[in-house]
Structures are given as C-alpha cells and as structure tokens.
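Student: Here is a sequence together with a model predicted from it:
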Amino acid sequence: MTKSLPVLIELQDLCKSYMNDDVVTPVLYDINLQIAKGEFVAIMGPSGSGKSTLMHILGFLDGYTSGRYLFQGQFTNTFDDNELARIRATRVSFVFQAFNLLARTTVLENVMLPLLYHPSIPVSERVSLSEKAVKTVGLQDRSSYLTSQLSGGQKQRVAIARALVTNPDVIFADEPTGNLDSASGVAVMQALQKLNDEGHTIILVTHERTTAEHAKRIIHIRDGRIVSDSTDFKRVIAGETKNLK
C-alpha cells in the first residue's frame, strides 16, 4: 500500500457468515486489510473463495458478521439506512460483468441514470457531467446510440462511464472482462487504468490472471482468508496464482 496516501478502507478482523435454515456457513475469516485513496487493487481467487462477498461488503451491498469496517476513518456499523443509501448514491460505484445497462436507451441516458438519484448534483449539470464521463471512456461518437447497438467492450465502457459520472470515492469492478473477448477486455482494463492514473481508486475482483496484471496491487483470497497481498507481480503471478488453481 502507498503509505503516504490517506487510508480509504480499513478492515479489522472482519468475518462473514450466512445462515440458512439454522445452518451457518462461514465465508470470510479474520480479514485485515487497508486500501489507500488512489490505489488500483485486484482481489483474486478461485470460485467460492469469498472474493465477491468481500467486494460486496466493501461496497455496502452486504453486511458483515463480526469485526470492524472503517470507511474514510468512520466505523460503518454506525451508519443508518439513510446514510448507507447516500453512500451508495454518492461515494461508491460499481461495474458488473453483465453490464446492467438499459438496452432501449442511449449511451448518454444510461450514463446519466445515477445522477437522477444524486442528492446534491443539480439538474442543470447532469448532461454536461454525463458527456464528460462518456468522453473519458472514448465513446463520445456513440453517445446517441442505443446500448443495444454496441459491442460488448463498448457496453462495458458505458458501464464504466456510468460508474464514474458521480465522481465516487471508489469504483468497484466485479469481473468486468468476464463476458468479453481478449481485445475488448484489454480496452476495458486500459480505461480503468486511465481512471486510476487520474487519481480514482479502483478495486477489481477477478479470477483472470491477465486482468489482474493491470492492477498495481494483488490480493489473493483462498477459502475465505487472505493468503497474499503484494505488489511483486513476478512472484504473485508466477508462483501463488499457480498454487491457487
């Protein structure tokens, strides 16, 4: 972690279990983690390792069972429902594998959607902010296209623009290249790299080695535990990734 930057996310002995019909299923065990503002972090692990659950907790889509989660120095267990809704609308954004776009609306309209629920961005700024986000991902010549007219890689870049438009503190990307061919996947990851170079915090979940290599820090999870956390990519990719498969 870049210690000179302020800590954005901190987890202390965090655990997560699910209960179904009185059966408790542990998913995450004793997670200790710090992520600084401006980092580009990839969370890797095989299916069922707990990586997506961890991302959902970090992004306030799921709760945790025990431990502590501090977001910008605040204990998140003190947030009420209204505060959590405000955080989801203004401070975190998501890019999903399935794009989650509205097919019969334009690129610009899709990107503008989060602004309809934003509590402080005025109506008069919605179009200009959306146009800026579309330009950032290089799709300004497609802004009037329906998203159903786009390729998979273009759709994912629209999803990135939509995540960017509210200027969140952190962008979460859940398997963003999972539905794409290799060339489109590279283009999407280059778009995320560009955002990180501009100062945006990116937290990426993936099981793909080539996708994780675009990040500056790789965290490996196996069986609900962090087994490595490194910026030494030669060691991480060549050694530990092989052992996790």
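Tutor: Noted; the coordinates are in hand.
Student: I'd like the distance from the strand or helix carrying Glu109 to the chain centre, please.
Tutor: Using DSSP states H and E, Glu109 falls within helix 107-112. How far helix 107-112 lies from its chain's middle: 19 Å, per C-alpha atoms, centre = their mean, to the nearest Å.
Student: now for it, which elements pack on it?
Tutor: Judged by 3 or more C-beta pairs under 8 Å, 6 or more residues apart in numbering; DSSP states H and E, helix 107-112 is in contact with helix 126-136, helix 152-164. From N, CA and C alone the C-beta is placed, and that goes for glycine too.
Student: Dump the C-alpha coordinates for it into PDB.
Tutor: The C-alpha trace of helix 107-112 is given here as PDB (Å, rounded to 0.1, in the frame of the first residue of the first chain):
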ATOM      1  CA  VAL A 107     -25.400   5.700 -24.100                       C
ATOM      2  CA  LEU A 108     -25.800   9.200 -22.700                       C
ATOM      3  CA  GLU A 109     -29.100   8.400 -20.900                       C
ATOM      4  CA  ASN A 110     -27.600   5.300 -19.400                       C
ATOM      5  CA  VAL A 111     -24.600   7.200 -18.000                       C
ATOM      6  CA  MET A 112     -26.900   9.900 -16.700                       C
END
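Student: most centrally placed residue in the protein?
Tutor: The geometric centre of the chain, computed from its C-alpha atoms, lies nearest to Phe172 (C-alpha atoms, centre = their mean), at 0.9 Å.
Student: can you list contacts of the helix holding Glu109?
Tutor: Residues outside helix 107-112 that contact it (C-beta atoms under 8 Å, 6 or more residues apart in numbering) are 101-102, 126-127, 130-131, 133-134, 139, 142-147, 150, 158, 161-162, 165.
Student: The same query, at a cut-off of 6 Å, please.
Tutor: Residues outside helix 107-112 that contact it (C-beta atoms under 6 Å, 6 or more residues apart in numbering) are 101-102, 126, 130, 133-134, 142-143, 145, 147, 158, 161-162, 165.
Student: cool, and stretch 6-15?
Tutor: Outside of stretch 6-15, the residues within contact range by C-beta under 6 Å, 6+ apart are 28-31, 33-37, 64-70, 201.
Student: now with 10 Å?
Tutor: 1, 26-39, 41, 54, 57-58, 64-73, 75-76, 91, 169-170, 201, 203, 224, 226 (C-beta atoms under 10 Å, 6 or more residues apart in numbering).
Student: can you check stretch 117-129 too?
Tutor: Contacts with stretch 117-129, where a contact means C-beta under 10 Å, 6+ apart, come from 85-86, 88-90, 108, 111-116, 132, 164-167.
Student: where's it relative to the chain centroid, distance-wise?
Tutor: Distance, centroid of stretch 117-129 to centroid of chain: 22 Å (C-alpha atoms, centre = their mean).
Student: Distance across it, terminal residue to terminal residue?
Tutor: End-to-end distance of stretch 117-129 (C-alpha to C-alpha, to the nearest Å): 14 Å.
Student: Go through that stretch and flag the buried ones.
Tutor: His118, Ile121, Arg126, Leu129 (16 or more other C-beta atoms under 10 Å).
Student: For my notes, confirm the second one occurs in a helix.
Tutor: Pointing back at Ile121 there. No - membership of Ile121 in a helix is not supported by DSSP: H, G, I helix; E, B strand; the rest coil, which gives coil.
Student: Read off the pLDDT value for it.
Tutor: Here, the pLDDT recorded for Ile121 equals 90.
Student: In this structure, where's the longest helix?
Tutor: helix 182-197 (DSSP state H).
Student: average pLDDT across it?
Tutor: pLDDT averaged over helix 182-197 gives 91.
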